[in-house]
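In: Here is a sequence with its predicted model. Questions after.
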Amino acid sequence: MRLFLTEPVDQTERPYARRWWALLVLCLSLLIIVMANTALTVAAPDMTRDLGLSSADLQWVIDGYTVPYAALMLLFGAIGDKYSRRGALLLGLTVFAGGAVFGSLADSAATVVAARAVMGTGAALIMPATLSLLAATFPRAERARAITLWTATAGLAIAAGPVVAGALLKNHGWASTFLINVPIAAVALVASLFLVPPSKAGHSDRVDHVGGLLSVVWIGSLVYMIIEGPHFGWGVKAVTAAVVAGAGLLAFVAWELRHPRPVLDVRRFAHRGFAGANLAVALFFLAVFGAFYYLTQHLQFVLGYDALQTGLRMLPLAGAVFVGSALTGRLTPRVGMKWTVTAGMVGGTTALALLTRIDATSSYGDFLAPLIVLGLAIGLALSPCTDAIMGVFPESQLGVGGAVNDTSIELGGSLGIAILGSLLATSYSGHLADATAGSRLPAGTLATAQDSVGSGYAVAQGISDKARQAAAQAARATDPQQAAQFKEQARELAAGARQMTDAVGSSFSSAVAHTSLIGAVVLGIGTVAVALLLPGRGKSAATEEAREQREAELVGSAAN
């Protein structure tokens, strides 16, 4: 066997011998593109302070990665199928690492957003390439197990990002959370050349560039609308994005229905199994990303854990994902994907329902059970869905299949942060207004505290600082009457600081409980819809057999 791989995997007579090592490289590539988002959640406070970011700036630092990532995947997946899936992976790792270096050197909000956009572009090349190379490298009998490990890696990355970022932030600045991606990307890039075999589609049809560009337009506009509307209001930008997304989607569907070789055959969404699997993935990541968004804030701001401590306390979720993945590997072949996916979604709904018990007296122990249940649910549901989505696509469109799966993930995650994040902010603001009613807090100060839980604690800290200043003035005063006035002022301010601190903590805890209830209702309704959509085990097998027969007929007719 050659050390440097040049022989395409589809030209080998036997299954590729080093395929499990190749999977390790693909999982390593997946790890960094998921960690790039989750690590930022704990690096954001330091970045905000150093660069003077506004709440809008910070939002776009986070979402500057998401928009190109979601919008470009389908087009890049088709291009990878056409020319080289491994080439797409190598290029994506290079672009991603370059964006990470650029981000570490950034000194303004605009440059950080630009760097994150470059990283998102690289991720759009990497993500579908990892799944398409996995499917091309592993024989069908082993593919489900490989996808299970791939999915478990995504769960690990969700929890590992805050741990790695927290450890780095102990002794280094926020730029280190960008730079950690560079050596990992370099290792994955070099290892890909030696362990991941080349792969591409077996036909030479032209890429449907028009369909690909239309997909970029409507998905990018949709994600932009999801971000802009709930966070910044439904002004001209959000409404324009909504109109463009709707028109783009209609144009995309119309074009794809008429094109002889569409970038994505939209007729596949008429199949219950395919539609149900995509809906399950989107809904699940809506719940996971939304819950992760407010859980990390609660652990850091309300319970007072630092970045590393927060990351470590998210690890039970990662461990539970691996346990759930092991269970689904055993259960799905026996009972069918409908039951494991439905069970996973019921578990996710249960985890959110458990979070409705959170209040001002809650400790980390109250979060442990929801984290474990949520991790088990992720492991149970996601790998069967991914396997079902990839199984619908022929070998020539594995990159597109990976892109469809990953786009569902990103759309669900974006919706989760936007919808649940918006509900969280509204609920927190309302509860804080009620909790501080009757206080002599200036309207402007209250508005600042209502902006976010971090701002609320900053306001409380500001009042506390004024109390200390008044106490210091009392100690220095030579006039007993003046000293008494300063002491009284210090007592009032100290009481106000304690009241504000308690109000912020209780308001955010109530908002977490309220938002979790809404999330549980949404995921619960989605669970019923998915259960109705997914075919039973016998129907699924019959559908798979019919699909393979149609593919064989298409191949035969093309050869003739």
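Out: Cool, got the structure.

In: switch to C-alpha atoms for all contacts and neighbour counts from now on
Out: OK.

In: wait, what's in contact with residue 500?
Out: Counting by C-alpha atoms under 8 Å, 6 or more residues apart in numbering, residue 500 makes contact with 436, 456-457, 459-460.

In: can you tell me which of these are in helices?
Out: Of the contacts of residue 500, the ones assigned to helices by DSSP state H are 456-457, 459-460.

In: which of these tops the neighbour count?
Out: residue 456 (27 neighbours; other C-alpha atoms under 10 Å).

In: In CSV, list the ones in helices among the contacts of residue 500 along with pLDDT and distance to residue 369.
Out: Listed next are those as CSV, based on pLDDT from 0 to 100; distance: C-alpha to C-alpha, whole Å:
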residue, pLDDT, distance to residue 369
456, 89, 28
457, 89, 27
459, 90, 32
460, 90, 31
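
In: Mind picking the two most distant members of the contacts of residue 500?
Out: 436 and 457 (13.6 Å; C-alpha to C-alpha).

In: Run a quick neighbour tally on residue 525.
Out: So residue 525, with other C-alpha under 10 Å, has 12 neighbours.

In: swap in residue 110?
Out: By other C-alpha under 10 Å, the residues close to residue 110 number 13.

In: Equivalent analysis for the one 4 residues further on, please.
Out: For residue 114, the tally of surrounding residues (other C-alpha under 10 Å) stands at 19.

In: ok, now which ones touch it?
Out: residue 64.

In: quick one: buried residues of the helix or strand containing it?
Out: Assigned by DSSP states H and E, residue 114 belongs to helix 109-137. By 16 or more other C-alpha atoms under 10 Å, the buried positions in helix 109-137 come out as 109, 111-137.

In: Check stretch 165-184 too.
Out: Residues 165-169, 174-182, 184 are the ones in stretch 165-184 that count as buried (16+ other C-alpha under 10 Å).

In: Going by distance to residue 408, which of these wins?
Out: The shortest approach to residue 408 among those belongs to residue 181, at 24.5 Å (C-alpha to C-alpha).

In: Next one, pLDDT for that closest one please.
Out: pLDDT, residue 181: 90.

In: quick one: low-confidence ranges for the stretch 401-550 of the chain?
Out: Filtered on pLDDT under 70, the stretch 401-550 of the chain yields the residue ranges 537-550.

In: how about a cut-off of 50?
Out: By pLDDT under 50, the low-scoring segments of the stretch 401-550 of the chain are 540-546, 548-550.

In: That one: helices as residue ranges?
Out: 421-435, 443-451, 453-476, 480-533, 537-559 (DSSP state H, counting those that start in this stretch).

In: what's the closest of the ones you listed to residue 192?
Out: Comparing those by C-alpha to C-alpha, helix 537-559 comes nearest, at 30.2 Å.

In: For the one helix or strand residue 388 maps to, name the packing helices and strands.
Out: Following DSSP H and E, one finds residue 388 within helix 365-392. If you count contacts as 3 or more C-alpha pairs under 8 Å, 6 or more residues apart in numbering; DSSP states H and E, helix 365-392 packs onto helix 140-171, helix 272-297, helix 315-335, helix 337-354, helix 398-415.

In: could you check the angle helix 109-137 makes with that helix?
Out: 50 degrees (axes from the mean of the first three to the mean of the last three C-alpha atoms, to 10 degrees).

In: Go through helix 365-392 and flag the buried ones.
Out: 367-392.

In: and residue 476, how many neighbours?
Out: With other C-alpha under 10 Å as criterion, residue 476 counts 10.

In: Quickly note the distance from it to residue 484.
Out: 11 Å (C-alpha to C-alpha, to the nearest Å).

In: swap in residue 185?
Out: From residue 185 to residue 484 the distance is 63 Å (C-alpha to C-alpha).

In: who has more neighbours, these two?
Out: Shown here are residue 185 and residue 484; by other C-alpha under 10 Å, residue 185 has more neighbours (26 against 15).

In: Let me know whether that one touches residue 27 as I believe.
Out: No - in this structure, residue 185 is not within contact of residue 27 by C-alpha atoms under 8 Å, at 11.5 Å.

In: Figure out how far the helix holding residue 114 is from the centre of its chain.
Out: 13 Å (C-alpha atoms, centre = their mean, to the nearest Å).

In: show me where pLDDT drops low in the protein?
Out: Checking the chain against pLDDT under 50 turns up 1, 540-546, 548-560.

In: Tell me which of the helices and strands packed on helix 365-392 sits most buried.
Out: Neighbour counts (mean count of other C-alpha atoms under 10 Å) averaged over each of those peak at helix 398-415, with a mean of 26.

In: how distant is that one from the center of its chain?
Out: Worked out by C-alpha atoms, centre = their mean, helix 398-415 lies 11 Å from the chain centre.
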